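Engineer: When you get a sec, could you give me coordinates for this:
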Amino acid sequence: MPDARPNILWICTDQQRWDTIHALGNAHIRTPNLDRLCAEGVAFTRAYCQSPICTPSRASFLTGQYPSTLHVNRNGNAFYPEGTGLITRTLADEGYDCGLAGKLHLSAAEGRVEVRPDDGYRLFLWSHHPGPEPYWPTEDHAYQRWLRDQGVDWREAYGGDRQPGFQVQNDYSCGIAARYHQMTWCANEAIAFLSEPRQGPWLMSVNPFDPHPPLDPPPEYMARMDVDAMPQPLFRSEELESQLDFREVDHQTETPRSPTDYDARRMVAAYYAQIELIDDQVGRMLDALEASGQRETTIVVFMSDHGEMLGDHGLLLKGCRFYEGAVRVPLIMSWPGHFGQGLRSDALVELTDVMPTLLECVGLPIPERVMGRSLLPILSGRANPGFHRDFVRCEYHDALALEHASHANMIVDDRYKLAVYHGQPMGELYDLKEDPNEFHNLWDDPAHAERRCALLKRLFDATMQTTDPGQPRVARF
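Structural biologist: Numbers count the residues shown, from 1 in each chain. I've put the predicted structure just below:
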């Protein structure tokens, strides 16, 4: 008897903002294949990550739990704890053939190959950021092994002696050709995996490094961008001063920068060019599913682990801030014949909700430890697409190796966003209905004092109610 459980193609980009898809409102970017995925499925337009940093976010959405509950709060942590309920381990135990190409990033990957937990992947083609030795030996870096087998030398193809780093470039001229790009390699491996003969269902994690900085798209993709037509970052000149109030809070932008002080439009163009490459490779994977007769039996998830400030409010990269560009991400889910088509859901959604959704779709129970809530009622048309949660949360707890070891929490309800920076006198409160671009901080506004206190209480309650209970209870005392 054929196995009726769906396959899962799970595409998770790195550091992609929510507002980067043409069909969802960005007129400056070309994403025909993501637009196609939106038309074939459900796009959640208010999806939030649970940390604006890679490792805690990825640990969170792979388990349906909050980073602080898991005690996985940092990039660069020594190891990933066992027994957290990674969905890939759960599905592998239930007969799924699981594969990965690209990042996992559940523990430190600087100066060492990431130590794998019991993750359930049968095929594990690991590639953190795409660069060659001395980051990691070529034999331990699947993408670099592939380049070697193609007869391609990274340094020559990428641009001589220049090395990929984590900082935003000034000219955005470096970048390897699309046919040798890590995103293309990820798609190649996904297509090969889904084409393998097998009896049971599969899950493939496609985890490219893009559009994470250094913003180095393939030259042919950058060349087609109309730089002068790109939007400027959200910024007002007074933020050069107001952002200094947060100088004691961790962020990779040391001091705020006006977009007039650098080529902001070219930066945005480079970021969008990377996403257009991602879009083309998503199209290849969708085409391969259709050609193999598996599109109707495959759930496709497209999302990102967190966003990118991209110059908004004078900030670049990421850190301990909770602006929409950093914490709101794309989330599209499609399963023809089972999920709605062309549906836009404006409900508040967390990435913790993806894991229990997939468990329910494959017919598995949702463990008690899971804090996410299945989206299947919305996906299947059984629930109001305008409501899923009363509020969403995001956390930052000493997540980056920066100066101040900051701790902070965010809560967003149907209208307001509050961010509290623990141990600091300042905070942020925004009315997202009246001020969607987050220019007017109402934290110290007496007219909003009651609102601030109510949100603080709600945030405190929610945080305490997701505290790790410790060991399983086996007796009354």
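
Engineer: Identify the residues contacting D35.
Structural biologist: I21, H22, A23 (CB atoms under 8 Å, 6 or more residues apart in numbering). For every residue, glycine as well, the C-beta is placed using N, CA and C.

Engineer: which residues of this structure fall in strands?
Structural biologist: 7-13, 42-48, 97-102, 123-126, 202-207, 298-304, 328-329, 331-334, 343-350, 392-397, 407-412, 416-421, 427-431 (DSSP state E).

Engineer: Report the mean confidence score over stretch 110-121.
Structural biologist: What stretch 110-121 shows for mean pLDDT is 94.

Engineer: Okay, helices next: where are they in the stretch 201-350 of the chain?
Structural biologist: 219-223, 239-242, 264-291, 324-327 (DSSP state H, counting those that start in this stretch).

Engineer: Buried residues, the first one. List them.
Structural biologist: By neighbour count with 16 or more other CB atoms under 10 Å, helix 219-223 contains the buried residues P219, Y221, M222.

Engineer: Also stretch 108-117?
Structural biologist: Per 16+ other CB under 10 Å, stretch 108-117 contains these buried residues: A108, A109, E114, P117.

Engineer: In the protein, what helix or strand scores lowest on average pLDDT?
Structural biologist: helix 154-158 (a mean of 90; mean pLDDT, DSSP states H and E).

Engineer: Tell me what the closest residue to S68 other than its chain neighbours is bridged to.
Structural biologist: Once flanking residues are discounted, S68 sits nearest to E395: 5.6 Å by CB to CB, 6 or more residues apart in numbering. Beta-bridge pairing of E395 under DSSP bridges involves N409.

Engineer: from what I can see E395 touches P67, true?
Structural biologist: Yes. The criterion here is CB atoms under 8 Å, and E395 meets it with P67 at 5.5 Å.

Engineer: overlap in contacts of these two?
Structural biologist: Joint contacts of E395 and P67 (CB under 8 Å, 6+ apart) are Q50, S51, P56, N73.

Engineer: And these, which is closest to A264?
Structural biologist: Comparing the shared contacts of E395 and P67 against A264 with CB to CB places S51 closest, at 26.3 Å.

Engineer: contacting residues around that closest one?
Structural biologist: S57, S60, P67, N73, H306, C394, E395, Y396, A399.

Engineer: Which strand residues bridge R46?
Structural biologist: L348.

Engineer: per-residue confidence for it?
Structural biologist: R46 is given a pLDDT of 98.

Engineer: What distance do you get for it to L244?
Structural biologist: 30 Å (CB to CB, to the nearest Å).

Engineer: More neighbours: the two, which one.
Structural biologist: For R46 versus L244, the count of surrounding residues by other CB atoms under 10 Å is larger for R46: 19 against 12.

Engineer: Surely that one and A347 touch.
Structural biologist: Yes. The criterion here is CB under 8 Å, and R46 meets it with A347 at 6.6 Å.

Engineer: Quick check: closest non-adjacent residue to the residue most central in space within the chain.
Structural biologist: Geometric centre of the chain, nearest residue: D305, 1.5 Å, by CA atoms, centre = their mean. Leaving aside its chain neighbours, D305 sits nearest to S57 (4.4 Å; criterion: CB to CB, 6+ apart).

Engineer: Quick one: residues contacting that neighbour.
Structural biologist: C49, Q50, S51, P67, D305, H306, L351.

Engineer: are any of those residues buried, and which?
Structural biologist: C49, Q50, S51, P67, D305, H306, L351.

Engineer: What separation do you get for the fourth one and K103?
Structural biologist: Spelled out, it's P67. Taken as CB to CB, the span from P67 to K103 is 17 Å.

Engineer: Kindly report the same for the third one.
Structural biologist: Separation of S51 from K103 (CB to CB): 15 Å.

Engineer: Ok, the fifth one next?
Structural biologist: Going from D305 to K103 by CB to CB gives 9 Å.

Engineer: shaky segments in the stretch 151-300 of the chain?
Structural biologist: Scanning the stretch 151-300 of the chain for pLDDT under 70 picks out 160-171.

Engineer: and if we set it to 50?
Structural biologist: By pLDDT under 50, the low-scoring segments of the stretch 151-300 of the chain are 164-166.

Engineer: hmm, back to that, what's the closest of the buried residues of stretch 108-117 to D280?
Structural biologist: A109 (26.7 Å).

Engineer: Now that closest one. Its backbone dihedrals?
Structural biologist: Main-chain dihedrals, A109, degrees, to the nearest 10: phi -130, psi 20.

Engineer: now the end-to-end length of stretch 91-104.
Structural biologist: 17 Å (CA to CA, to the nearest Å).

Engineer: and A347, how many neighbours?
Structural biologist: Neighbours of A347 (other CB under 10 Å): 20.

Engineer: ok, back up a step: common neighbours of D305 and K103, please.
Structural biologist: What both D305 and K103 touch, as defined by CB under 8 Å, 6+ apart, is the set D14, C54, R58.

Engineer: Now do the contacts for S304.
Structural biologist: Counted by CB under 8 Å, 6+ apart, S304 has contacts C12, T13, D14, Q15, Q16, R17, C49, V329, P330.

Engineer: bridging residues for it?
Structural biologist: Those that pair with S304 in a beta bridge, by DSSP bridges, are T13.

Engineer: Which pLDDT value belongs to it?
Structural biologist: Value listed for S304 in the pLDDT field: 98.

Engineer: separation between it and R476?
Structural biologist: Taking CB to CB, one finds S304 at 45 Å from R476.

Engineer: Isn't Q65 up against I366?
Structural biologist: No. Look at Q65 against I366 with CB under 8 Å: they stay out of range, at 11.8 Å.

Engineer: And for L364, nearest residue in space, chain neighbours not counted?
Structural biologist: Per CB to CB, 6+ apart, closest to L364 is E94, 6.5 Å.

Engineer: And for that neighbour, the neighbour number?
Structural biologist: Neighbours of E94 (other CB under 10 Å): 15.

Engineer: who's in contact with D245?
Structural biologist: With contacts taken as CB under 8 Å, 6+ apart, D245 has the following neighbours: M426.

Engineer: Kindly provide the distance from it to Y421.
Structural biologist: Applying CB to CB to D245 and Y421 gives a distance of 10 Å.

Engineer: do Q471 as well
Structural biologist: 32 Å.

Engineer: residues near the closest residue to D228 other than its chain neighbours, how many?
Structural biologist: Excluding the flanking residues, the one nearest D228 by CB to CB, 6+ apart is R265, at 6.6 Å. When neighbours are counted by other CB under 10 Å, R265 registers 20.

Engineer: and R265, what does it touch?
Structural biologist: With CB under 8 Å, 6+ apart, R265 has these contacts: V227, D228, M230, P231, Q232.

Engineer: Show the contacting residues for the nearest residue to the first one once chain neighbours are set aside.
Structural biologist: Put plainly, it is V227. Using CB to CB, 6+ apart and skipping residues adjacent in sequence, the residue nearest V227 is A269, 4.7 Å away. Contacts for A269 (CB under 8 Å, 6+ apart) come out as Y172, M222, M225, D226, V227, M230.

Engineer: Next: H397.
Structural biologist: By CB under 8 Å, 6+ apart, H397 lies in contact with P56, P67, S68, N73, R74, H407, A408.

Engineer: List the contacts of the second one.
Structural biologist: In this structure, P67 makes contact with Q50, S51, P56, S57, A59, S60, N73, E395, H397, judged by CB under 8 Å, 6+ apart.
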